[in-house]
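> Following is a predicted model, sequence given first.
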Amino acid sequence: MTELDVRALQQRLAAFAAARDWEQYHTPKNLAAALSVEASELVEIFQWLTPEQSARVMETPETAQRVADEVADVLAYLLQFCQVLGIDALAALSEKIDRNEARFPVPERPDTLEPRDRHSSE
């Protein structure tokens with residue numbers, strides 16, 4: 001399997017759009033809207049499933065392919081959006097994780113838990 005990188009995928013997407021003269025439509029507003037639509041199509045697959053059914057969604061080949069296709073559509077529009085606005089998606093994600101780690105520290109946990117008194121509830 002060939003390792004893929006974000007820039008190469010963005011270049012492929014840009015070339016695909018340019019060959020079809022679509023880049024005129026790839027404004028930040030339009031790409032954000034398309035991203036929202038594709039994310040909604042992903043949500044639609046899960047809309048009426050129980051939590052248990054949703055956990056098994058990849059077990060059915062047809063449904064698994066639909067999920068993978070929608071994930072690809074979401075990622076494609078996100079990468080195009082980032083390219084148009086000059087956002088390094090991986091750097092933005094890393095910086096956001098850093099901020100979240102500072103904002104939401106791991107809660108302190110006691111080193112030992114006191115055993116429950118088995119006789120007190122009997």
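Nice, thanks for sending it over. Numbers count the residues shown, from 1 in each chain.

> In terms of helices and strands, where is Ala102?
Using DSSP states H and E, the secondary-structure element containing Ala102 is helix 89-103.

> quick one: contacts of that helix?
When contacts are defined by Cβ atoms under 8 Å, 6 or more residues apart in numbering, helix 89-103 is touched by residues Val6, Leu78, Leu79, Cys82. The C-beta positions use only the backbone N, C-alpha and C, and glycine is treated the same way.

> How about stretch 30-43?
Val67, Glu70, Val71, Asp73, Val74, Tyr77, Leu78, Gln80, Phe81, Val84.

> Does Leu4 belong to a helix, a strand or coil?
Remark: Leu4 carries the secondary structure label coil [criterion: DSSP: H, G, I helix; E, B strand; the rest coil].

> Pull out the buried members of the contacts of helix 89-103.
Buried members of the contacts of helix 89-103, scored by 16 or more other Cβ atoms under 10 Å, are Leu78, Leu79, Cys82.
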